[in-house]
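A.B. asks: next input, structure requested:
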Amino acid sequence: MNAAAFLIKAAAQRPGYVALRHGERTITYGELSERVRRMAAGLRKLGLEDGDRVLILQRNSPELVETLQGGMAAGLTVVPVNVRLHPGEVAYIARDAGARVIVHGEEFNDRLAEISHELETVEQRVSLAPKSRRNRL
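C.D. replies: As a prediction, this is how the structure comes out:
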């Protein structure tokens, strides 16, 4: 059992309760659970299988929670990295973990492009635009 299982249980019991607050935004357990399920399905559509590693490079936000929980709900191993790390350190962690996919905020596009030649294990990068500029997964 992982944190995503607890979220799904909480959403079934109290879907209207507030799960997250971020600035002026509030997200209920029901909403968060639905977004996590969609993230999990999206990650699986990339061809990822149980135990595959997904490196996550996102700022603290509800979207980070969705990605972390979505990865866990999909049966993947999530590898969150600090956004303040040097690009070379991110590349090292990706290689060492054997990450097949990197999910990142679009603000990291240039940083990851700079080290793309060092990301031997990474098959795909998924760049997430801010919520205000994207549709839901």
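A.B. asks: pLDDT score for the residue lying closest to Gly98 once chain neighbours are set aside?
C.D. replies: Leaving aside its chain neighbours, Gly98 sits nearest to Thr121 (5.0 Å; criterion: C-beta to C-beta, 6 or more residues apart in numbering). Glycine gets a C-beta too; all of them are placed from N, C-alpha and C. Thr121 is assigned a pLDDT of 96 by the prediction.
A.B. asks: what helix or strand is Thr121 located in?
C.D. replies: Using DSSP states H and E, Thr121 maps to neither a helix nor a strand.
A.B. asks: which residues sit in contact with the closest residue to Arg37 other than its chain neighbours?
C.D. replies: Nearest non-adjacent residue to Arg37, counting by C-beta to C-beta, 6+ apart: Ala73, 6.7 Å away. If a contact means C-beta atoms under 8 Å, 6 or more residues apart in numbering, then Ala73 has 4-5, 7-8, 36-37, 39-40 as its contacts.
A.B. asks: among the residues you listed, name the ones in helices.
C.D. replies: 4-5, 7-8, 36-37, 39-40 (DSSP state H).
A.B. asks: which of those count as buried?
C.D. replies: 4, 7-8, 36-37, 39-40 (16 or more other C-beta atoms under 10 Å).
A.B. asks: what about the chain, any weak spots by pLDDT?
C.D. replies: In the predicted model of the chain, residues 130-137 satisfy pLDDT under 70.
A.B. asks: return the distance of the residue nearest the centre of the chain relative to Leu76.
C.D. replies: Of all residues in the chain, the one closest to the mean position by C-alpha atoms, centre = their mean is Thr67, 2.4 Å from it. Thr67 is 10 Å from Leu76, where distance means C-beta to C-beta, to the nearest Å.
A.B. asks: what's the answer for Leu43, then?
C.D. replies: For Leu43, the distance to Leu76 - C-beta to C-beta - is 6 Å.
A.B. asks: pull the contacting residues for the nearest residue to Ala74 once chain neighbours are set aside.
C.D. replies: With sequence-adjacent residues excluded and distances taken as C-beta to C-beta, 6+ apart, Ala74 is closest to Ala40, at 3.9 Å. Neighbour list for Ala40: 4, 70-71, 73-74 [criterion: C-beta under 8 Å, 6+ apart].
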